[in-house]
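Enquirer: coords please:
(chains A, B and C)
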Amino acid sequence: MLIRKYPSVLIFLGILAAFTIAVTLMSQAYGTGAIPTSMVKTLGKTLCLALAALAMDLVWGYAGILSLGHMAFFALGGYMIGMWLMYARTGEIVAATLANAPIPPTPMELQQGITSQIFGVVGSSDLPLTWAFAGSLPMQLLLVLAVPGLFALVFGWLAFRSRVNGVYLSILTQAMTLALALWLFQNDSGFRGNNGLSGLQNIPGLGHVPQATLSVWFLWASALALGLAYLLASWLVAGKFGSVIRAIRDDEARVRFLGYSVEGYKLVIFTLTAMICAIAGALYYPQAGIINPAELAPIASIYLAVWVAIGGRGRLYGAVIGAVFVSLLSSWFTGGRAPDLNLGPFSVQWVNWWQVLLGLAFVCVTLFAPRGLSSVIDAITGLRHPNRRGQDLGPDLGALREQEAEA
Amino acid sequence: MRRIVFCLLLLIAGPASAQDLGAVLEVSRDQIAKPSRQTIGPVIDEIAASGAGAVTFLEAWGDRRLGLTAEGRFAIVDGEATIDAVTGARITEEVDLLRPNSGVRGLIAAALVPAQLADPDPVRRQAALDALGRDATPGHLPALRQALQDPDPGLAARKARLERLLTIRFDPDPAARVTAIDSFDGDDGTDVQAALSPLLATSRVAAASLPETANIAARLSPGSDDLSPDAAYRLLVDAGLARARLTEADQKSALAAHIEGDQVAGVPVADLADPAARDRAYAALAQAGTLAPAATAEEVEAALKAHVFADIYAEASPEVTDAARAALNDMAFRKRVQQGADLTLDALSLASIYFLAAIGLAITFGVMGVINMAHGEFIMMGAYTGYVVQTLVPGKTVSLIVALPAAFAVTFLAGVVLYLLVIRHLAKRPLETLLATFGVSIALQQMAKNIFGTQARPLTAPDWLGGAISWGEVVSISTIRVAILVLALLFLGLFLFITRRTRLGLNMRAVTQNPGMAASMGINPDRVAMMTFGLGSGIAGIAGVAIGLFAKVTSELGSDYIVQSFMTVVVGGVGNIWGTLAGAALIGGLQKGIEVLNPANTLAAQTWMILFIIVFIQFRPRGIFPTRGRFVEG
Amino acid sequence: MQAFGPILFGGMLGLSVAGSAAAQDGDTIKIGVLHSLSGTMAISETTLKDTVLMMVDQQNAKGGLLGKQIEAVVVDPASDWPLFAEKARELISVQGVDAIFGCWTSVSRKSVLPVIEELNGLLFYPVQYEGEESSKNVIYTGAAPNQQAIPAVDYMRDELGVEKWALLGTDYVYPRTTNTILDAYLKDNGVAAGDIFVNYTPFGHSDWSKIVADVVALGNDGKKVGVVSTINGDANVGFYKELAAAGVSADDIPVMAFSVGEEELSGLDTANLVGHLAAWNYFQTAESDENTAFVEAWQAFTGNEARVSNDPMEATMIGFNAWVQAVEKAGSTETDAVLEAIVGVEVPNLTGSTATVLPNHHLTKPVLIGEIREDGQFDIVSETEPVPGDAWTDFLPESAVLDADWPGKQCGMFNTQTNSCVQVQSNY
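Expert: All right, here's what the predicted structure looks like:
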């Protein structure tokens, strides 16, 4: 039923699988080695970003809530898994050291050893309360979902209950992200301040596995997560739930008068997408190796919206295409690999001018091609937008524009 | 003129005592060349005592006009002329100037005090008094008392005050000191506090009994708030009156030293991961006499009971300390009031900065409902305009006068262009406007980086905006901040004038309330919106110059203020300028208030401030002054 | 997606193939330059990239190294910390460089560390830092706290008579650790806890009025106040402006800065700063023939007569020369051989003495204290003999017992009390 309604799901999953297998066969660990490990990591991370963009598309493209805070959930997920990675890896080292001592260590000494290793760098010697479960993988995995989920639930409940929506909600979510980033920046809050959590690529207990292999495993995990999330999202938007959130996007008041609990639906989609972002973050940061508060600067969340908009909002593959396309292009341009553009007396170094190009391109997309990159696919498949004589789909601020909609 | 007098003095007086000075310099040449504050004191005293040439020499040294020639003669550089410090002969060869550090310069200035106090030149007497205020020694008191007469009434008053201050610090007679302390009754001067505070310095002692003569500040009992039992016992250990308690690390190393086979005193090593097992093993070893038993809890208690603990004043005379304490207690309350006033000024200033940054936004967002994420970049453009104007136009004042309208013009134009190219096409799509203007903001920020670099650029205020305005010694605010406050009020007035008294304002309000009706009345809504947007952007540019003047000009200047600016507008209530004012006051006051609670961490203040605002908006989603009426939309 | 998948995929392949092709080049010795050329750190780090390129040019002009030319591979981690790790991996495993010169911030170093240790690379880190680290694969050519912070505080206490301390810093790891060490050091020296005021501000902070008022108020009880500033970058502008506005001169309250050098001053109006202090291991005004030659070469290389030199540049220069000497001594560019050879290597620095590479992978460095002049340069008012860098500070109880000795004990974190190696790999 899902497949019949959205044949693109199968195509998407097929491409994703083919991509994963191809990268595996060209990786250093399982294949020819044509793709170096650093590239495998980049591709794996890109899949995680695509996962976050998928969540963003659900909350913005389908439910019309322009959240500028979803990268905060992404980073929170990263922090939660990072705490375990750091604690357990340091624990292994400390335990090995103390085992050489003539007298076996007390649990207290072991913990003190770990604490001074992790927090000695930032001039502290007590284990913060927030790290209480850092030693246990199942607990931290649970927290990866629970902390961002609860956070989104409380924030969303407060905001939706007071009918804060539209641009106010956007600004409020942005403020929330900023507050969280500033809080994490403080050394006193117990997340190592500006240094953040580092060395995350070394997975405790897997010290013997080379990074080349680990990077492929993470690529698999990221691809699997993306595939599953895509299925889940397609199923969600294909059913009644999808119809209701789309209706909320276009005309919230009418849905409310029809008797639906608008706040409930919004809260569910907000929290769910926050948790998807958290999973993406938990997969992303072990590949990136380091997480620090700069990762949840307000601008990161805005980029997320930019990806979705460039890919084409309101369609799931659009978000994925946008994230993959822009982030890979971004790393190509900022990596100094793009050749300089010579304009006679003035040469454009892309390292410096890429952001300008991105900013302006984004403005152009918003103005002239609301469907973004998806319009290419629409052209191929012969999809056209409905003719509503220039009217948006609904009166609400988040409603799709005529050109964005599918007929 | 002064210098010529010196030279004459030197020429007349120099030869008579040259022998003396020359000899002193000969002996300590190396020390003078590379002086250290720790060791140079005696040398300076010797020089000061060596006669008339000494004063000139010391002054030159302190002003960094003293040099060494290649063959080791000291030379004084005086404008164009260079003369030998000892003989006064002209020197033509190259001189290597000495650079005594500020600590040494302080000592030199202090040594010059007796000579300068009676100097005919009021400037030098002033310098002597400044030096006395910084580094006075007991020797200065008699010198000052001798030179109390002064033709200048201002300096005479200062001398009299300093004499009383030095009396408090150095007079051997307690009665004279108490009189001096009492004479400052009701005076909040920092110098008085500085003279009084050291008298109350205490040291904490533990002893079997306290000496009779001790001037005791407070007796302490272990276990009170001031002295925990642990701290008290540490005092005893430090004083050698008790033996130390066993720490966990000591216990561990002691046990490790007594491992026999795979156990310690009968306890298997593998069990020692348990603290209780460690205690058992240690007790067993202590019982067997292998290890010295550690101080037990009872022992500690007995030791604490057997000794007394007290804070003792370094100052011997109780009358003096009592008087000083009373005077300081009086002062403390008044100081606190003043600090509160100072803080209020700081908060007011911060509020005015936020207001200035937000007022443009209040127009574009509040009145027109257009979200302009590039507003921060307009502020930045204004600041860079100020910087460029300052590099082109000589004279700080003139350039500032040029910069303000220039910044307005540049950002006004930028605003109009942005409106025509982007915002007009996204009417009624605020979310898309938000994202599109954000794209503009990224591009503008990066372009500023490419053009001006990532480093901060200087934008300097003219001298008359330097300095600070102060009331008393605690309450003060820098002039530039006052100027910003005035500017903010000016724009508040301008805004009210434009909206209430001009054609544009009338059209603006009409278009805001009902664009369709306004259009049918012959108003061109597009044109009005364009002008309004330009006005808002132009004010952002002027705010940029102001912010650049008191802080810095960087490409990230705008993004530092954008979130706070939006908060200010939203908290105050969209569409109401008084709301923006209230919002700015709330945010500024709140931030300073939180900073007082946690002075060590400014970042925390910002975090809590934003959190507070988020919560505030949950309960008052429409701000402090919500807009009412039928055209309000959610 | 149908349309885009193959294109994207082909693009990636193209990238990676191009990357690996470059590694097959045997006639040159490759070194990596890992400094941000864009983003917030670009202004500081670009200078160091140019310094490395200049050193490479000079060495190649002298006939290269081991008969081969040196080739510098420059990448841009764009002030993005995870990107530092990615680029380091690329440099070592794809480009096959033998040494990397790079990083500025502590975060970037901590980001690169696991990669360098995993792939057994070699990193020369040229910036003063907070210490508490010694990696097998890193040579720290900047100052450890005992080569900058402690002597600077000694100077303020002994020479300026400072009795009360305001430790002001930007809230990140270098100021935090430095201030923790200074706090412990000052208390060991009998300064009461009440006489130390600590404050942390965010990056780019601009509202300094209250903090300056707090600092001035410290002096109310008649004790001389000194400020130890680990304030970073732009925030300094507002800080010094507010100090000047409050009428505080360097004679009243001297400010000793650890992060303000010639490069930072060149963008400032220095009128407000005259007389305030900075502590480094090098100032452009140092009087030695090597320095004159270096500054001339630098200005010629950049084609800018007014271009200033600074401390991290000197550290980069020393690091490069030490690497060249070690490679010549070892006769190979293999990491382990170079690391074996490099300990004990002596390189002349620019202030007239020599820098020796110590077993803990730090250097000996003289400590210089300068007073800021009107023209943005420094008057050197104090200079010590070269001080050996201490990886683990002696002023914190936990690290006082630690020692690093790579050739001897093969350990960067050796507990001298229990006589055991705490860990071989660094804690990141």
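Enquirer: alpha carbons only for contacts and neighbour counts from here, please
Expert: Fine.
Enquirer: how about residue B:334, secondary structure?
Expert: Put simply, residue B:334 is helix when judged by DSSP: H, G, I helix; E, B strand; the rest coil.
Enquirer: near chain A at all, the helix or strand in which residue B:419 is found?
Expert: Using DSSP states H and E, residue B:419 falls within helix B:396-421. No - residues of helix B:396-421 contacting chain A under C-alpha under 8 Å from any C-alpha of the partner chain: none, with a closest distance of 9.4 Å.
Enquirer: following that helix, which helix or strand shows up next?
Expert: Next along from helix B:396-421, by DSSP H and E: helix B:430-452.
Enquirer: gap between residue C:125 and chain A?
Expert: 17 Å (C-alpha to the nearest C-alpha, to the nearest Å).
Enquirer: Residue C:216 now?
Expert: From residue C:216 across to chain A, the span is 25 Å (C-alpha to the nearest C-alpha).
Enquirer: Just confirm yes or no for the helix or strand harbouring that residue near chain B.
Expert: Using DSSP H and E, residue C:216 sits within helix C:209-218. Yes - on the criterion C-alpha under 8 Å from any C-alpha, helix C:209-218 is in touch with chain B at C:209-210, C:217.
Enquirer: Sort out which residues of the lengthiest helix in chain A are buried, please.
Expert: Using DSSP state H to define each element, chain A has its longest helix at helix A:70-99. Neighbour-count burial for helix A:70-99 flags A:70-91, A:93-95, A:97-98 (criterion: 16 or more other C-alpha atoms under 10 Å in any protein chain shown).
Enquirer: still on that earlier bit, now the buried members of the residues of helix C:209-218 next to chain B.
Expert: Neighbour counting by 16+ other C-alpha under 10 Å classes C:209-210 among those as buried.
Enquirer: near chain B, anything from the longest helix of chain A?
Expert: No - applying C-alpha under 8 Å from any C-alpha, one finds helix A:70-99 separated from chain B by no less than 10.8 Å.
Enquirer: So which elements touch that helix?
Expert: Applying 3 or more C-alpha pairs under 8 Å, 6 or more residues apart in numbering or on different chains; DSSP states H and E, one finds that helix A:70-99 makes contact with helix A:37-56, helix A:107-119, helix A:137-161, strand A:197-198, helix A:262-288, strand A:290-291, helix A:298-311.
Enquirer: Show me what the first one is packed against.
Expert: Looking back up the chat, that one is helix A:37-56. Other elements packing on helix A:37-56 under the criterion 3+ C-alpha pairs under 8 Å, 6+ apart are helix A:70-99, helix A:211-238, helix A:262-288, helix A:298-311, helix A:316-334, helix C:81-89.
Enquirer: quick one: is the third one near chain C?
Expert: So the one you mean is helix A:262-288. Yes - Helix A:262-288 reaches chain C (C-alpha under 8 Å from any C-alpha) through residue A:288.
Enquirer: ok, back up a step: would you reformat the helices and strands packed on helix A:37-56 as a markdown table and include distance to residue B:365 and mean pLDDT?
Expert: Converted to a markdown table, the helices and strands packed on helix A:37-56 look like this (distance: least, C-alpha to C-alpha, whole Å; pLDDT from 0 to 100):
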| stretch | distance to residue B:365 | mean pLDDT |
| --- | --- | --- |
| helix A:70-99 | 24 | 91 |
| helix A:211-238 | 34 | 94 |
| helix A:262-288 | 26 | 96 |
| helix A:298-311 | 19 | 89 |
| helix A:316-334 | 29 | 88 |
| helix C:81-89 | 36 | 89 |
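Enquirer: Quick check: closest non-adjacent residue to residue B:558.
Expert: Leaving aside its sequence neighbours, residue B:558 sits nearest to residue B:376 (C-alpha to C-alpha, 6 or more residues apart in numbering or on different chains; 3.7 Å).
Enquirer: and the one you found, what pLDDT?
Expert: Listed pLDDT for residue B:376 reads 93.
Enquirer: count of neighbours near it?
Expert: 29 (other C-alpha atoms under 10 Å in any protein chain shown).
Enquirer: what does residue B:142 give?
Expert: There are 14 residues near residue B:142, going by other C-alpha under 10 Å.
Enquirer: now it: how far from chain A?
Expert: 51 Å.
Enquirer: For the helix or strand hosting that residue, what is the distance to the chain centroid?
Expert: According to DSSP H and E, residue B:142 maps onto helix B:140-146. From the chain centre to the centre of helix B:140-146 is a distance of 34 Å (C-alpha atoms, centre = their mean, to the nearest Å).
Enquirer: and that helix, what does it pack onto?
Expert: Judged by 3+ C-alpha pairs under 8 Å, 6+ apart, helix B:140-146 is in contact with helix B:102-117, helix B:153-170.
Enquirer: Kindly list the main-chain dihedrals of residue 382?
Expert: Using chain A. Note on residue A:382: its backbone torsions stand at phi 80, psi 20 [degrees, to the nearest 10].
Enquirer: Can you look at chain C instead?
Expert: Torsion angles, degrees, to the nearest 10, at residue C:382: phi -160, psi 140.
Enquirer: for the nearest residue to it once chain neighbours are set aside, what are its contacts?
Expert: Leaving aside its chain neighbours, residue C:382 sits nearest to residue C:369 (5.1 Å; criterion: C-alpha to C-alpha, 6+ apart). Each residue near residue C:369 by C-alpha atoms under 8 Å, 6 or more residues apart in numbering or on different chains is listed here: C:152, C:277-280, C:380-383.
Enquirer: and residue C:369, what are its bridge partners?
Expert: Using DSSP bridges, the bridge partners assigned to residue C:369 are residue C:279, residue C:382.
Enquirer: Below-threshold pLDDT in chain C: ranges please.
Expert: Residue ranges of chain C with pLDDT under 70: C:1-26, C:267-268, C:427-428.
Enquirer: Show me how it divides into domains.
Expert: C:19-143+C:305-364, C:146-283+C:369-387 (automatic domain parsing).
Enquirer: For chain A, what's the nearest residue on the stretch 251-400 of chain C?
Expert: residue C:398 (8.2 Å; C-alpha to the nearest C-alpha).
Enquirer: mind listing what that residue touches?
Expert: By C-alpha under 8 Å, 6+ apart, residue C:398 has no neighbours at all.
Enquirer: For the residue at the greatest distance from the centre of chain A, give its distance to residue B:285.
Expert: For chain A, the residue at maximal distance from the C-alpha centroid (C-alpha atoms, centre = their mean) is residue A:102, at 47.5 Å. Distance, residue A:102 to residue B:285, by C-alpha to C-alpha, to the nearest Å: 17 Å.
Enquirer: same deal with residue C:282?
Expert: 57 Å.
Enquirer: okay, those two: which has more neighbours?
Expert: residue C:282 (27 against 20).
Enquirer: quick one, what contacts the closest residue to residue A:126 other than its chain neighbours?
Expert: Nearest in space to residue A:126, with sequence neighbours left out and distances taken as C-alpha to C-alpha, 6+ apart, is residue A:115 at 6.4 Å. With contacts defined as C-alpha under 8 Å, 6+ apart, residue A:115 is in contact with A:125-127.
Enquirer: And the helices in the stretch 1-150 of chain C?
Expert: Secondary structure of the stretch 1-150 of chain C by DSSP state H, counting those that start in this stretch: the helices cover C:4-21, C:42-61, C:81-89, C:106-118, C:149-158.
Enquirer: what residue is smack in the middle of the chain?
Expert: Since you didn't name a chain, this refers to chain A. Centre-nearest of chain A using C-alpha atoms, centre = their mean is residue A:52, 3.0 Å out.
Enquirer: wrong chain, I was asking about chain C
Expert: residue C:127 (0.7 Å).
Enquirer: Against chain A, how distant is that one?
Expert: 16 Å.
Enquirer: Do I have it right that that residue meets residue C:315?
Expert: Yes - contact criterion C-alpha atoms under 8 Å: residue C:127 and residue C:315 qualify, at 7.2 Å.
Enquirer: between the two, what contacts are shared?
Expert: By C-alpha under 8 Å, 6+ apart, residue C:127 and residue C:315 have these common neighbours: C:141-142.
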